[in-house]
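[1] got a sequence here, can you model it:
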Amino acid sequence: MWKNCIEDAQGYITLHDCVVNSAEAFDDVLSLTFDDGFWMLADTKYNSCAETVRTDKSKINFTEFDEQLSVFYLFKRHYIFGKRLCTTRKKVELKEVYKKINKGEWEIEFNEKYNGVHQVLFFGGVTTKKKIWAYEFQMVIDCDKIKYYWNNIRPDRKW
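    The predicted structure follows:
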């Protein structure tokens, strides 16, 4: 189904402003699908365009995924009279996150990604049916490898 697959995407792909449209965990793999693709960086062996462009529909698989060591936190800012009072953090079970994404109740948009040894840390926003970026999130995924899949780049979709 996929024409292209790379394991080490550092220097080739960025997930900034990319939205997860479906998520599933099976065996020891977490799979995230991006209907609008992800960003392929300019002047690389996968993108000969002089500019960063989107791919078509794409997918990321986190292999050797350990759900017990992975975590998802929601952050909600609370205001009173227009001034921020505090921010609360709530842990959400990953199965609940997958369910909300797959039902279309949430869209998860990535903002930042940090790679560690056997862990990936994401920051971003959660859009609900009622509000864009209703929450901010932090997600830690415990895995051994990350594989990026896509078919084509879209030169008409420039950064």
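[2] pull the contacting residues for the most far-flung residue of the chain relative to its centre.
    The centre of the chain is farthest from one residue, F81, which by Cα atoms, centre = their mean lies 33.5 Å away. Neighbouring residues of F81 by Cβ atoms under 8 Å, 6 or more residues apart in numbering: there are none. For the C-beta atoms, the positions are set from N, CA and C on the backbone; glycine is no exception.
[3] offset the numbering so it begins at 8, please.
    From this message on, residue numbering opens at 8, which makes the last subject F88.
[4] so for I139, what's the nearest residue that isn't a sequence neighbour?
    Spatially, and ignoring its direct neighbours in sequence, I139 is nearest to G132 (7.8 Å; Cβ to Cβ, 6 or more residues apart in numbering).
[5] beta partners for the most centrally placed residue in the chain?
    In the chain, the centroid-proximal residue (Cα atoms, centre = their mean) is F117; its distance is 4.8 Å. Following DSSP bridges, F117 is listed with bridge partners G131.
[6] kindly provide the distance from it to I67.
    Going from F117 to I67 by Cβ to Cβ, to the nearest Å gives 10 Å.
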